[in-house]
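A.B. asks: Sequence and predicted model, in that order:
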Amino acid sequence: MRSPSSLPGLLRASHPAPTVAVTTLTALLAVGAGHGLGTGALVTAAVGTGQLTIGWSNDLIDAARDRQVGRLDKPLALGDVSPALVRAALVAAAVLCVGLSLACGLASAAVHLLLGVASGWAYNLGLKSTAWSAVPYAVAFGALPAVVTLALPEPRLPPVWMVAAGALLGVGAHLLNALPDLADDAQTGVHGLPHRLGARTLRWLAPLVLVVASAVTVLGPGATAWWAWWPFALCLVLAGVAMGGRGRLPFLAAIGIAAVDVISLALRA
């Protein structure tokens with residue numbers, strides 16, 4: 001085992017890709033919802049610190065399983081960062097998350113902490129190994145637009161179609177995220193919804209769910225802009241690639257659909 005380093009391993013243990021993705025989506029939603037720089041930065045920071053707690057707790061909880069299957073992308077399992085440092089960072093992020101969330105207002109804080117962050121932790125603590133593993137993703141992503149709009153100077157609830165699109169995007173992200181790790185997860189007793197469905201089903205189901213999210217965004221009330229149909233058309237093309245491609249091409253195409261969905265959702269906020 002290598003001697004632990006500090007910052008690089010700590011950052012890698014935070015699950016940087018999903019953390020950056022969700023934080024960026026929040027920033028885009030904040031701009032689309034009409035936040036100014038101050039309140040937009042505040043709600044984005046609140047969500048970002050919440051994502052850090054979810055990422056670090058996931059690696060702490062799964063460290064033994066990650067060592068068992070020799071995961072080379074897990075710094076805790078490799079000994080590149082100490083558990084004590086990750087725990088300390090997690091506590092600091094949690095304190096910041098609560099404080100920043102409350103600064104966004106009680107309604108926004110309640111939705112973020114009780115539906116967003118709590119869903120991520122529930123997934124880490126056991127739901128990931130059940131047939132209900134997609135539920136935390138659906139709840140957290142569906143709640144994200146409300147976290148943003150309830151943090152406005154004049155709080156409001158987001159439209160139902162936006163909540164539905166967010167929930168579908170979350171389910172699609174869960175199916176997509178699990179696809180590369182099915183074999184490793186199976187070795188360590190993780191049997192969530194993606195594992196029960198199997199890789200063959202996931203290769204067409206994940207793009208399909210993401211395309212439905214695109215359709216909800218395009219067809220939601222008030223969607224009159226002509227340009228909204230171009231992203232949807234692109235998602236249909238990418239879905240065809242995802243369902244008919246080979247190797248890593250389906251995975252990359254599905255990621256492309258998710259990216260288009262995120263941008264479309266933010267533009268409609």
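C.D. replies: Looks like it came in fine.
A.B. asks: mind listing what residue 234 touches?
C.D. replies: By C-beta atoms under 8 Å, 6 or more residues apart in numbering, residue 234 lies in contact with residue 260. For every residue, glycine as well, the C-beta is placed using N, CA and C.
A.B. asks: On the three-state scheme, it is what?
C.D. replies: Following DSSP: H, G, I helix; E, B strand; the rest coil, residue 234 is assigned to helix.
A.B. asks: Residue 74: what's its closest spatial neighbour, skipping adjacent residues?
C.D. replies: Leaving aside its chain neighbours, residue 74 sits nearest to residue 66 (4.1 Å; criterion: C-beta to C-beta, 6 or more residues apart in numbering).
A.B. asks: Distance-wise, check the one you found relative to residue 12.
C.D. replies: From residue 66 over to residue 12 the distance is 12 Å, taken as C-beta to C-beta, to the nearest Å.
A.B. asks: Ok, residue 220 next?
C.D. replies: 37 Å.
A.B. asks: If I look at residue 225, what pLDDT would I see?
C.D. replies: If you check residue 225, the pLDDT there is 61.
A.B. asks: typo on my end, it should be residue 149
C.D. replies: Note on residue 149: pLDDT of 97.
A.B. asks: Around it, how many other residues sit close by?
C.D. replies: 26 (other C-beta atoms under 10 Å).
A.B. asks: Also residue 144?
C.D. replies: As a burial measure, residue 144 scores 28 neighbours (other C-beta under 10 Å).
A.B. asks: In this structure it contacts residue 166, no?
C.D. replies: Yes - the pair residue 144 / residue 166 is scored as a contact, 5.5 Å apart, by C-beta atoms under 8 Å.
A.B. asks: ok, residue 182 touching residue 201?
C.D. replies: No - in this structure residue 182 lies outside contact range of residue 201 using C-beta under 8 Å: 11.0 Å.
A.B. asks: So for these two, which residue has more residues nearby?
C.D. replies: Ranked by neighbour count (other C-beta under 10 Å), residue 182 and residue 201 place residue 182 first, with 17 against 12.
A.B. asks: residues in contact with the more buried one?
C.D. replies: Applying C-beta under 8 Å, 6+ apart, we find residue 182 in contact with 194-195, 198-199, 202.
A.B. asks: same deal with residue 236?
C.D. replies: residue 211.
A.B. asks: and the gap between it and residue 218?
C.D. replies: Using C-beta to C-beta, residue 236 is found at 11 Å from residue 218.
A.B. asks: Which secondary structure state is assigned to the residue nearest to residue 267 when sequence neighbours are not counted?
C.D. replies: Spatial nearest neighbour of residue 267, chain neighbours left out: residue 32 (6.1 Å); criterion: C-beta to C-beta, 6+ apart. Put simply, residue 32 is helix when judged by three-state DSSP.
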